[in-house]
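**Student:** just need the structure, nothing else, for what follows:
(2 chains)
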Amino acid sequence: MTDPSRAVLEIRDLTLRFPTYRGAVHAVNGASIRVNAGESVGIVGESGSAKSVTSLMAMRLLPEGGFEVMGGSVALCGRDILTASEKEMVKIRGRDVAMIFQEPLTALNPTRRIGQQMLEVIRLHRDLSAREARDLAIRLLGDMRIADPEQVLRRYPFELSGGMRQRVLIGLAFSCEPKLIVADEATTALDVTVQRQVLHLLRAKATLLGTAILFITHDLAVASQFCDRLYVMYAGAVVEEGPTAAVLGAPAHPYTQALLNALPERVAPGELLRSVAGSVPDLTVELSGCPFAPRCAQASAVCERRPALIPTGSDGHRAACWLAARVVQ
Amino acid sequence: MTHSPLLVLDGVTVRFPVGMDWLGRPTAHVHALNGVDIAVETGEVLGVVGESGCGKSTLANVLTRLVKPTAGSLAWTAGARQRLQIVFQDPQSSLDPRLPVWRIITEPVFLRERRTVADLKRLAGDLAEQVGLRREQVRRYPHEFSGGQRQRIAIARALSAQPDVIVLDEPTSALDVSVQAQILNLLADLRRAGGLTYILISHNISVVRHFCDRIAVMYLGQIVELGPVADVLARPRHPYTRLLLDSVPAIGRPLDMGVPIVDTELPSNRRLPAGCFFRDRCPFVVDGCERPQSLAPFAGPTADNHLARCHRAVDLAEDIA
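**Tutor:** Residues are numbered from 1 along each chain as shown, chains lettered A, B, ... in the order given. The predicted structure follows:
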């Protein structure tokens, strides 16, 4: 069995920027994310919060030379990803960590059959004969409740429905039994009835194999249904973390509170929705102080200094807010 | 309830030819809409929900007359000005990047009447203020605005035509939650101020619950359930509505609660099923489902304005209660 205390992915104080001709964009500002073995961890946040950039760094999938790591570390199964060579990375990707993207049609090669693509990945990472690899592919598709897997292997991606393509990719992600699967908005493009089924299959398979899942989404409801723990990101920083029920049930950071309050189901039908005033900060300017302070109703002079993550409960629930500190004292 | 229909759709059917034989005759059809009957009331907000491929967007195209119905009719009541505008999902692609915002906003006016540039600019400024932008911002170009602001521009453009009906095709699905709240508040304000009628097409049930008076649930090009929002969402009568509502993720509700998860695919609209369209996916299927169903009111405690396309609507309702 897997040891729950062992970290599969450990991102520590990652600070990363994208150099552009108009100056650097400070995309990630000291984010720390830990995924333990067998756990499903969610990263939620709005666009521009760097949730995708952070998750891409788990596999170092950002274009080489396009980014600058200013500080921090990323360790996958105890190995430093930031210093690993590209050759080592090729081996790690797919074997130790696999990724499921939002749009399955662009993740699959449109000119090659499903079977060819699945077999290529499987045989690259596992020492199997063509026949064994084919049997494995059929078994993986069967596990994803795809009727008639042999038939599906002969099809092209465009011949399958969106839900089916996503299930093919999930099956493929599990092919090398990785320690971690990164699912970046994996069900966002799917219809709700299909989404429910895909989430169900993903969780069942992950539980069976003890695979950890890093689940990136903007949908708080999906996160609440799928994840054990949550990280809430804002402007490239983690503003709140903790068990899902605690973060969404008793949010400690004003940003998490504002995000939840903006949902239409939080007010009576026809009433005014509580939108968040202001807009996301300009990331070309380096962060000083709390990133949410300009939009926060409870901001005070102390918010000019950036708060660290402060425990608000005994169960690992922490928030980067001076107010949370006051409550504890 | 006052019944003053503004726009009546009667048996609207749309099918698109796909594939041709050597004489150019279509060999197959996509059946996008299969008999949509609905009367849009003056001043209401009608929500249209359903999954991809159910015909929501084709319905929007029929309403805006971008697509001509293959059969059936779309009729305005006598005396209506027949002005209808649309706000699209993606404000990135629905605004011309080469036009300044004042030109975009006043395009409907520009096409209809002859006005001076100064007059158009003044009108654009007024409309921009109405949707929460600054008057001087209309000199800029679309790329200088954020997604939420661009959607405000699209709304201002719709308003400039002084429409009676605005079709909102997924107006907030490309936006973040906090921005979505701003746009929905703006649309609600404009409706109160201007007596507008909205048709909101969305896959987001909580937006529809918040914003709409009536809801039409679509499946495979048909309306399967129609009624007041609160009524339909609290007591869904059609099995598909129940499946849809149980699948909508909600904070704190476990994944496997509600209607059991079954592995069925959305059916193809190339070849329509016989009888009830939902029959293959329905957990409550019995004898009689092989006959085509009609959208009908059912006897019960609810008002006669709640309709369902299911012959078991009444006995299924009892098993929920």
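
**Student:** tell me the contacts of residue 133?
**Tutor:** Chain wasn't specified; assuming chain A. Neighbouring residues of residue A:133 by C-beta atoms under 8 Å, 6 or more residues apart in numbering or on different chains: A:119, A:122-123, A:126. Where C-beta positions appear, they are placed from N, C-alpha and C, glycine not excepted.

**Student:** my question was about chain B, not that one.
**Tutor:** Counted by C-beta under 8 Å, 6+ apart, residue B:133 has contacts B:149, B:152-153, B:156.

**Student:** picking up where we left off before, out of the contacts of residue A:133, which are inside strands?
**Tutor:** Using DSSP state E, the subset of these located in strands is empty.

**Student:** out of the residues you listed, which are buried?
**Tutor:** Buried by 16 or more other C-beta atoms under 10 Å in any protein chain shown: A:119, A:122-123, out of the contacts of residue A:133.

**Student:** with pLDDT added, can I get these in TSV?
**Tutor:** Below are the buried ones among the contacts of residue A:133 laid out as TSV (pLDDT from 0 to 100):
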residue	pLDDT
A:119	93
A:122	91
A:123	91
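
**Student:** can you redo the residues you listed as JSON lines with distance to chain B?
**Tutor:** Formatted as JSON lines, the buried ones among the contacts of residue A:133 follow (distance: C-beta to the nearest C-beta, whole Å):
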{"residue": "A:119", "distance to chain B": "24"}
{"residue": "A:122", "distance to chain B": "24"}
{"residue": "A:123", "distance to chain B": "29"}
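
**Student:** where does whichever residue of the stretch 1-150 of chain B sits closest to chain A fall, phi/psi-wise?
**Tutor:** Residue of the stretch 1-150 of chain B nearest chain A, by C-beta to the nearest C-beta: residue B:51 (4.0 Å). Note on residue B:51: its backbone torsions stand at phi -90, psi 170 [degrees, to the nearest 10].

**Student:** give me the nearest residue to it, chain neighbours excluded.
**Tutor:** Counting by C-beta to C-beta, 6 or more residues apart in numbering or on different chains, residue A:191 is the residue found nearest to residue B:51 once chain neighbours are left out, at 4.0 Å.

**Student:** circling back: what about the residue of the stretch 1-150 of chain B closest to chain A, how many residues nearby?
**Tutor:** The tally of other residues near residue B:51 (other C-beta atoms under 10 Å in any protein chain shown) stands at 20.

**Student:** swap in the one 4 residues further on?
**Tutor:** Summarising burial for residue B:55: neighbours were counted as other C-beta under 10 Å, giving 26.

**Student:** that one contacts residue B:32, correct?
**Tutor:** Yes. In this structure, residue B:55 is within contact of residue B:32 by C-beta atoms under 8 Å, at 5.0 Å.

**Student:** what's the farthest-apart pair in the contacts of residue B:133?
**Tutor:** B:149 and B:156 (10.4 Å; C-beta to C-beta).

**Student:** between these two, tell me which one has more neighbours.
**Tutor:** residue B:156 (27 against 22).

**Student:** contact partners for the more buried one?
**Tutor:** Residues near residue B:156 by C-beta under 8 Å, 6+ apart: B:105, B:124, B:127-128, B:130-131, B:133.
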